[in-house]
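Enquirer: Need the 3D shape of this:
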Amino acid sequence: MQGPHDHITDAAYEARRSEIAAKTAGLTPEDPIPVIEYTDWEHEVWRTVCVHLADRHRKDASVEFLESAEQLAIPLDHVPQLRDVSGRLESVTGFRFQAAPTLVPLREFCGGLASSVFHSTQYLRHPRSPFYTENPDLLHDLVGHGTVLASDRFANLYRLAGTAAARVQSDEALQFIGKVFWFTLECGVIRERGERKAYGATLVSSYGELDHFRSADFRPLDIESLTEVEYDISTYQRILFEAESMNQVEDTVGSFWDTCDDDTIASLLSETSRQVRVAH
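Expert: Residues are numbered from 1 along each chain as shown. Below you'll find the model as predicted:
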């Protein structure tokens with residue numbers, strides 16, 4: 001997309017990100033979310049992406065996502081204040097946002113989820129690349145995660161992921177919990193009336209991902225299968241896992257997070273490694 005703000009240099013963009021990040025550095029969950037005075041180019045990026053996404057969501061997003069979007073009613077024509085969306089979200093499912101200067105470490109991020117807190121950035125992606133960003137930004141966090149967090153079913157899954165992460169001690173177990181989160185709540189796909197629909201935050205918040213996701217290698221959602229694949233967050237996903245229903249997502253993923261611990265995850269990964277050695 002070419003726009004009137006393409007002249008914004010990388011240096012100017014990075015300076016703006018740093019300016020916004022500085023307002024949130026060191027904040028605790030009890031501190032109020034800072035108000036950001038967004039610029040014309042930031043409002044334009046938000047409008048451009050959200051208007052295009054709204055059309056794609058009607059075609060490509062799951063029913064649960066669409067119903068949650070209607071419930072949360074994030075504005076399409078301007079960048080909303082994170083504190084305002086947080087207040088609406090908390091009144092619906094009890095989840096709220098905490099402003100973060102940048103991507104937070106996995107254990108800290110998941111610890112927030114266990115307490116119904118989602119760490120969100122407050123900066124926008126570069127106007128030169130509005131339809132895809134490698135790094136989470138406010139648009140990803142609100143349109144992707146915030147929307148589904150207005151669903152009780154999804155909010156419960158996020159809490160279960162956070163509780164599971166708090167339960168384990170080993171980095172290996174934590175990373176696997178993060179991988180399950182990635183292939184479901186970030187990049188999950190579901191079957192509805194025979195069609196593939198996206199519900200994962202990375203997919204539904206990116207016009208580029210929605211353009212690409214149906215060309216992926218789709219595999220049935222199964223926890224053991226997730227041990228065998230790797231992923232790269234900096235590019236479109238080559239492999240995606242699809243569920244037959246929201247009930248399956250809850251039964252498969254929710255049950256795993258509800259019961260997993262260091263020992264069960266170590267056993268799961270060890271068994272996969274053994275099977276790979278036998279196959280060779």
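Enquirer: Which residue ranges of the stretch 101-250 of the chain form helices?
Expert: Applying DSSP state H, counting those that start in this stretch to the stretch 101-250 of the chain gives helices spanning 106-114, 138-139, 147-148, 152-167, 171-181, 201-204, 207-212, 223-226, 246-249.
Enquirer: deepest of those, which one?
Expert: Mean neighbour count (mean count of other CB atoms under 10 Å) peaks for helix 147-148 among the helices of the stretch 101-250 of the chain, with a mean of 28. Backbone N, C-alpha and C define where each C-beta goes, glycine included.
Enquirer: Quick check: end-to-end length of stretch 106-122?
Expert: End-to-end span of stretch 106-122 (CA to CA, to the nearest Å): 18 Å.
Enquirer: now do stretch 223-234
Expert: 23 Å.
Enquirer: hang on, the earlier thing: where among the helices of the stretch 101-250 of the chain is average confidence lowest?
Expert: Among the helices of the stretch 101-250 of the chain, helix 207-212 carries the lowest mean pLDDT, a mean of 90.
Enquirer: With just CA atoms, put it into PDB.
Expert: In PDB, the C-alpha atoms belonging to helix 207-212 read as follows (Å, rounded to 0.1, in the frame of the first residue of the first chain):
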ATOM      1  CA  TYR A 207      -4.700  -8.900   6.100                       C
ATOM      2  CA  GLY A 208      -1.600 -10.600   4.700                       C
ATOM      3  CA  GLU A 209      -2.000 -13.700   6.900                       C
ATOM      4  CA  LEU A 210      -5.700 -14.000   5.900                       C
ATOM      5  CA  ASP A 211      -4.600 -13.800   2.200                       C
ATOM      6  CA  HIS A 212      -2.100 -16.500   2.800                       C
END
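Enquirer: The helices of the stretch 101-250 of the chain into JSON lines, with extra columns for distance to Ala100?
Expert: Formatted as JSON lines, these follow (distance: least, CB to CB, whole Å):
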{"stretch": "helix 106-114", "distance to Ala100": "9"}
{"stretch": "helix 138-139", "distance to Ala100": "11"}
{"stretch": "helix 147-148", "distance to Ala100": "19"}
{"stretch": "helix 152-167", "distance to Ala100": "15"}
{"stretch": "helix 171-181", "distance to Ala100": "17"}
{"stretch": "helix 201-204", "distance to Ala100": "15"}
{"stretch": "helix 207-212", "distance to Ala100": "22"}
{"stretch": "helix 223-226", "distance to Ala100": "27"}
{"stretch": "helix 246-249", "distance to Ala100": "26"}
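Enquirer: Which among those helices is found nearest to Ile36?
Expert: Checking the helices of the stretch 101-250 of the chain against Ile36 by CB to CB gives helix 138-139 as the closest, at 8.8 Å.
Enquirer: residues making contact with that closest one?
Expert: 45-46, 49-50, 79, 82, 120-125, 205 (CB atoms under 8 Å, 6 or more residues apart in numbering).
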